[in-house]
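Novice: the sequence and its predicted three-dimensional model are supplied below.
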Amino acid sequence: MAKSRTGPVSATAAGRRGRPRSAEATNAILQSAYTLMATTGLAATSIEAVARHCNVSKMTIYKWWPSREALLIDAFLNQASVVLPLSGTGDPVARVRRHAAAYTEALLGEFGKVQLAVISECISKTGSAEMFYERYLNFRRSATVEIIAGGQEDGSIGAVGAPENLYDAIYGNLFYRYVFGIKPLSPAYARNLVDSLLRPESDSGR
C-alpha cells in the first residue's frame with residue numbers, strides 16, 4: 001500500500017465511478033458510523049442507520065463503499081487517525097513508545113471494544129480478517145515499521161530483528177493481552193515493552 005496514503009478517503013476513492021465524493025460528506029459518514037458503533041453496537045450500525053444519522057442517502061454510501069464491512073473498517077481507521085496519529089518527528093524509540101502507550105490507553109476504552117467488534121464482524125462475514133488487514137492494519141503497520149527501520153539505520157534502535165517482527169512483538173503483545181485480559185496492561189507497560197524490545201541493552205528506559 002502506498003506510503004502516501006493518509007486515511008480512508010484515499011483508500012476507497014480510487015476506481016469509483018460518478019461524481020467525486022465530498023470530503024465533508026465523507027467525514028460525516030465515517031464519523032456517524034464510528035459514533036453508532038461506539039454507542040449502539042455493531043449490530044445496530046447498518047447502512048440505513050448511518051445514512052439517517054448523517055442525513056445522506058443510502059445510495060451515496062453504497063456508491064463510495066463496496067460493503068458495510070468496508071465502511072465500518074474505514075470509520076475505525078478514520079477514528080484511529082484522530083486518536084492515534086502516526087505523524088511527528090524525533091527519536092524513533094520515543095515515537096513508538098508514545099504511540100504504543102496511546103494505543104494501549106485507547107484499547108482500554110471504547111476504541112478497543114470497537115476494534116475487536118469490527119475484526120469479529122469481518123471474520124464472521126468473510127471467514128478471515130483479510131479485509132481489516134488490507135483497509136486498516138496494513139497502513140498502520142507499514143507506517144510504524146518504517147519508523148523502526150529508520151531507527152535501526154541511524155543507530156537509535158539497537159534491536160537487530162526485522163522491523164516487521166519488532167512491530168508485531170510490540171503491538172501483537174498489547175492486543176493479545178487486551179483480548180484475553182492478561183495483566184499488566186497499561187500505558188506504562190507499553191512504554192517498558194517498547195524499550196525492552198527496541199533498546200535491549202542497558203540503555204532501555206532512557
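Specialist: Done, it's in.

Novice: show me which positions of the one helix or strand Thr144 maps to end up buried.
Specialist: Following DSSP states H and E, one finds Thr144 within helix 138-154. By 16 or more other CB atoms under 10 Å, the buried positions in helix 138-154 come out as 139-145, 147-149, 151-152. Where C-beta positions appear, they are placed from N, C-alpha and C, glycine not excepted.

Novice: buried ones in the helix or strand just after it, by neighbour count?
Specialist: Following helix 138-154 in sequence order, the next helix or strand is helix 163-167 (DSSP H and E). Buried residues in helix 163-167, counted by 16+ other CB under 10 Å: 163, 166-167.

Novice: contacts for the next helix or strand after helix 163-167, please.
Specialist: Downstream of helix 163-167, the first helix or strand assigned by DSSP H and E is helix 173-180. With contact meaning CB atoms under 8 Å, 6 or more residues apart in numbering, helix 173-180 is reached by 100, 103-104, 107-108, 112, 116, 182-183, 185, 190, 193.

Novice: C-terminal to helix 173-180, what's the next element?
Specialist: helix 187-198.

Novice: tell me which other helices or strands that following helix touches.
Specialist: helix 92-107, helix 173-180 (3 or more CB pairs under 8 Å, 6 or more residues apart in numbering; DSSP states H and E).

Novice: may I see the buried residues of the shortest one?
Specialist: Within helix 173-180, the residues scored as buried using 16+ other CB under 10 Å are 173-175, 177-178.

Novice: over to the first one?
Specialist: Taking 16+ other CB under 10 Å as the neighbour-count basis, helix 92-107 is seen to contain the buried residues 92-93, 95-101, 103-107.

Novice: which SSE is immediately downstream of the helix or strand of the chain with the lowest mean pLDDT?
Specialist: Every helix and strand of the chain was ranked by mean pLDDT, DSSP states H and E. The lowest is helix 8-13, at a mean of 42. As assigned by DSSP H and E, the chain's next helix or strand after helix 8-13 is helix 23-40.
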